[in-house]
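Participant: Would you be able to build a 3D model of this:
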Amino acid sequence: MPPQDNSRNTIIFVVIAAIMLMAYSYFVMQPQAERRRAAQQAAAEQTSPNAALAAPSTSAPVFTTDRTVALARGGARVPIQTGTVTGSLSLRGARIDDLFLTKYQETIEKGSPAVELFRPEGMRHAYQAQFGWNGPNVPGGVPGPQTPWRLTEGATLTPATPVTLTWDNGAGLRFTRRIAIDNQYLFTITDTVANFSAQPIAIAPWGRIERQGVPDDLGRQQVLHEGGIGTFGSDGKYVTEQLKYQAWAKKPLQEHTSTGGWMGITDKYWLAALIPQQDERIQAAFRVTDAAHADVHSATMLGETHTIAPGRQITETQRLFAGAKRNEILSGYEKELNLPRFIYAIDWGFLFFLTRPIFMLIELFYGWFGNFGVAILGLTLTVRLVMFPLANKSYESMSKMRTLQPKMEELKKKHPDDPAAQQKELMALYQKEKINPLAGCLPLLLQIPVFYAVYKMLFVTIEMRHAPFVGWIRDLSAADPSTIWNLFGLIPWDPSSTPLIGSYLVGTFALSILAIFYGLTMWLQMAMSPPAPDPMQRKIFAFMPIVFTFIMATFPAGLLIYWAWSNILTIIQQYVIMHRLKAENPIDTFIEQMRSRLKKA
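Facilitator: Numbering: from 1, shown residues only. Reported below is the predicted structural model:
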């Protein structure tokens, strides 16, 4: 057989074998692995310490968009009214499932509705908090998600007027629940169980936060955590666990044992968290279950089992935080309740040692100036002053390198075909002139983590949300709304409404005033730096301001203000040094050109 036939047959064999292997993996191995995972999941649910709480309480397969209809389905309700929240709780299961944050609006437009946190069962993406007791062998049962509680004291839940609910199981147990709320976002649920029967009973308290599906407005999960969150541990050693929705779906059951701590579900700016007594041993579980295809995410805490003797009673206290993740509020609860790492409900990121101090600094400036935009300018100036000595040496080195450009070109002409000789003489030239070619990169490298920390701070802290600057910039946490496509608002037309390409005009190809200004400052800063020795590198660097203009156009306006102002301060510093060393620079060149034109005129 000819050699080419052997080669052809070998190739055919390899291709067929690869196809058979992929088919076997897809049609046999993958289904088997899925079945094993399902079996392991079921086994884990059955052996879980709080397996009885695995079934979600949400069961409505048909959703309504009418909130009034959904609230009516839940039966009688108790209004909730404070200076920060409004809504109601359902007497069916004593669910806290209707809550709005009145200090925050959905948009910056006048008359925008308050931010919704909890949503009642029967609506898409229902979101609620529940509390109950686990006692599978208790005669008459224990209260759960469907229990019809009776309002026995109070009419409206306010900071001054808590409400009391009662339920009798008909077999000698009386359950009393007192619900209180403070002036911010903390609910306190105090349950008392009285045993009037002739036998002892064993029950354990539980709390659950339950959410259907994944939010439609899920943020950039690459830089922001949204999903399950909790702090677990004991003996003063606590770790904050974050569970993004994608990871949650891949591992539907994750359990933790802790003494105290807290857990819940977090959004970008909002948090719902269960808080047990900090000296109580708890079993915590993050679950994903399916109630009528609702894809329910739940965070559940099961407390210690209590045995109640005949004629005795016990009292258990749990808390619920349901509100905005403001730094001072979380810090206050952390101190008041001795909560471990509650401030880390805000996603400070892995550079928290930079992000938090930067936030504290910008809050200090905000207290002075009363405008977060001006505070960003003050923060930028502070960062530049801290880096000034190092940057000064760097820019001096860069300016000297710029003055050496003619000599460097001579070296290339002297050894056109010998790169090694060019490099050797170039290093000798650097040594003679006492120039470190890497010195110009150091300040930039040091600014990268600071830049990221500022971006993270602006992106995740609610203090920046809807904070105005000047003129058309009404929200520093959002992208600059101006766009070149309607001449920055002069044309009464929304580019996003353009068929097929509308999303690109306000996304990938968005060009705002701030973005263009940032691009110009970046171009000028790069023009003042020594040109790259390689022609291809020079072309790449020439395109960088254009590319970054488009990239940064979708970033928060506050970040563009920070970076553009930082570029301006850098340009000023570079210019002073270059002018002093008589190094060629585009600003002096422009001034000379203008003088020449004026003389000719």
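Participant: check contacts around the residue nearest to G264 when sequence neighbours are not counted.
Facilitator: Leaving out its chain neighbours, the residue that sits closest to G264 by CB to CB, 6 or more residues apart in numbering is A273, at 3.3 Å. (Glycine included, C-beta is placed from N, CA and C.) For A273, the set of contacting residues under the criterion of CB atoms under 8 Å, 6 or more residues apart in numbering consists of 209, 229-230, 262-264, 266, 320-322, 345.
Participant: what about 10 Å?
Facilitator: Counting by CB atoms under 10 Å, 6 or more residues apart in numbering, A273 touches 129, 185-186, 207, 209, 229-231, 262-266, 299, 319-323, 325, 330, 333, 339, 342, 345.
Participant: Tell me, how many residues neighbour the closest residue to E153 other than its chain neighbours?
Facilitator: Residue nearest to E153 in three dimensions, not counting chain neighbours: T164, with 3.7 Å by CB to CB, 6+ apart. Counted by other CB atoms under 10 Å, the residues lying close to T164 total 17.
Participant: Look up which helix or strand T164 falls in, please.
Facilitator: Under the criterion of DSSP states H and E, T164 resides in strand 163-168.
Participant: Also R538?
Facilitator: R538 is located in helix 535-552, with elements delineated by DSSP H and E.
Participant: so what secondary structure elements neighbour the lengthiest helix in the chain?
Facilitator: The helix of greatest length in the chain, counted in residues with DSSP state H as the criterion, is given as helix 557-580. In this structure, helix 557-580 makes packing contacts with helix 372-386, helix 388-403, helix 442-460, helix 513-527, helix 535-552, helix 586-600, judged by 3 or more CB pairs under 10 Å, 6 or more residues apart in numbering; DSSP states H and E.
Participant: Other residues contacting the fifth one?
Facilitator: Contact partners of helix 535-552, identified using CB under 10 Å, 6+ apart, comprise 479-480, 507-512, 514-527, 529, 531-532, 534, 559-560, 563-564.
Participant: ok, back up a step: quick one: secondary structure of the residue nearest to G264?
Facilitator: Three-state call for A273 (DSSP: H, G, I helix; E, B strand; the rest coil): strand.
Participant: Need the three-state assignment for P310.
Facilitator: P310 carries the three-state label coil when classified by three-state DSSP.
Participant: now do A284
Facilitator: strand.
Participant: now that we're looking at it, which residues does it contact?
Facilitator: For A284, the contacting residues are 49-50, 228, 230-232, 241, 254-258, 261-263, 274, 276, 299-302, by CB under 10 Å, 6+ apart.
Participant: mind running it again at 8 Å?
Facilitator: With contacts taken as CB under 8 Å, 6+ apart, A284 has the following neighbours: 230, 232, 255-258, 261, 263, 299-302.
Participant: Show me the beta-bridge partners of the residue nearest to E153.
Facilitator: The residues listed as beta-bridge partners of T164 by DSSP bridges are E153, R178.
Participant: now the most centrally placed residue in the chain: how far from T508?
Facilitator: Taking CA atoms, centre = their mean as the criterion, L224 is the residue nearest the geometric centre of the chain, at 2.7 Å. Distance check for L224 against T508: by CB to CB, to the nearest Å, it reads 20 Å.
Participant: Narrow the contacts of A273 to those in strands?
Facilitator: Assigned to strands by DSSP state E, the following of the contacts of A273 qualify: 129, 186, 207, 209, 229-231, 262-266, 299, 319-323.
Participant: The residue lying closest to W348 once chain neighbours are set aside - how many residues pack around it?
Facilitator: Closest residue to W348 in three dimensions, ignoring its sequence neighbours and counting by CB to CB, 6+ apart: T355, at 4.5 Å. Using other CB under 10 Å as the criterion, T355 is surrounded by 24 other residues.
Participant: Mind listing what's buried along whatever helix or strand T355 lives in?
Facilitator: Assigned by DSSP H and E, T355 falls within helix 352-369. For helix 352-369, a neighbour-count test (16 or more other CB atoms under 10 Å) marks 352, 354-356, 358-359, 361-362, 365-366 as buried.
Participant: Let me know the secondary structure of the closest residue to N371 other than its chain neighbours.
Facilitator: If you skip the residues right next to it in sequence, N371 has F469 as its closest partner in space, 6.8 Å away by CB to CB, 6+ apart. Secondary structure assignment for F469 (three-state DSSP): coil.
Participant: got it, and A160?
Facilitator: Following three-state DSSP, the label given to A160 is coil.
Participant: Could you report the pLDDT at it?
Facilitator: The predicted structure scores A160 at 97 on the pLDDT scale.
Participant: Over to the one 5 residues further on?
Facilitator: Taken from the predicted model, the pLDDT recorded for L165 is 98.
Participant: Next, count neighbours for it.
Facilitator: The local packing of L165 (other CB under 10 Å) involves 23 other residues.
Participant: Let me see the contact set for the nearest residue to it once chain neighbours are set aside.
Facilitator: In space, not counting the residues next to it along the chain, L165 is nearest to W149; the distance is 4.1 Å by CB to CB, 6+ apart. Taking CB under 8 Å, 6+ apart, we find W149 in contact with 91-94, 143, 165-167, 177.
Participant: quick one: which of those is most hemmed in?
Facilitator: When neighbours are taken as other CB under 10 Å, the top entry among the contacts of W149 is A94 (28 neighbours).
Participant: Relative to R177, how far out is that one?
Facilitator: According to CB to CB, A94 and R177 sit 6 Å apart.
Participant: residues bridging contact with these two, i.e. touching both?
Facilitator: Shared between the contact lists of A94 and R177 (criterion: CB under 8 Å, 6+ apart) are residues 131, 149, 165.
Participant: For V470, grab phi and psi.
Facilitator: Listed backbone geometry of V470 is phi -140, psi 160, with angles given as degrees, to the nearest 10.
Participant: my guess is I179 meets T161, correct?
Facilitator: No. Under the criterion of CB atoms under 8 Å, I179 makes no contact with T161, lying 10.6 Å away.
Participant: Show me which of these two is the more surrounded one.
Facilitator: I179 (22 against 13).
Participant: mean pLDDT lowest for which of the helices and strands packed on helix 557-580?
Facilitator: Ranked by mean pLDDT, these bottom out at helix 388-403, which scores a mean of 71.
Participant: so who does L351 touch?
Facilitator: Applying CB under 8 Å, 6+ apart, one finds that L351 lies in contact with 449, 452-453, 456.
Participant: just the buried members of those?
Facilitator: Applying a neighbour-count criterion of 16+ other CB under 10 Å, the buried members of these are 452-453, 456.
Participant: What is the nearest of these to W493?
Facilitator: The nearest member of these to W493, counting by CB to CB, is K456 at 34.6 Å.
Participant: And for the residue nearest to N371, the neighbour number?
Facilitator: Neighbours of F469 under the rule other CB under 10 Å: 21.
Participant: please renumber so the chain begins at 438
Facilitator: All set: I'll call the first residue 438, so the last point we hit is now F906.
Participant: that older thread, next, format the contacts of L788 as JSON lines and append distance to I1005.
Facilitator: Rendered in JSON lines, the data for the contacts of L788 read as follows (distance: CB to CB, whole Å):
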{"residue": "P886", "distance to I1005": "21"}
{"residue": "Y889", "distance to I1005": "20"}
{"residue": "A890", "distance to I1005": "20"}
{"residue": "K893", "distance to I1005": "23"}
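Participant: ok, back up a step: could you give me the ChimeraX selection string for whichever of the contacts of A721 are buried?
Facilitator: Those of these that meet the burial criterion (16+ other CB under 10 Å) are gathered into one ChimeraX selection, given here:
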select :667,669,692,693,695,698,700,736,737,738,739
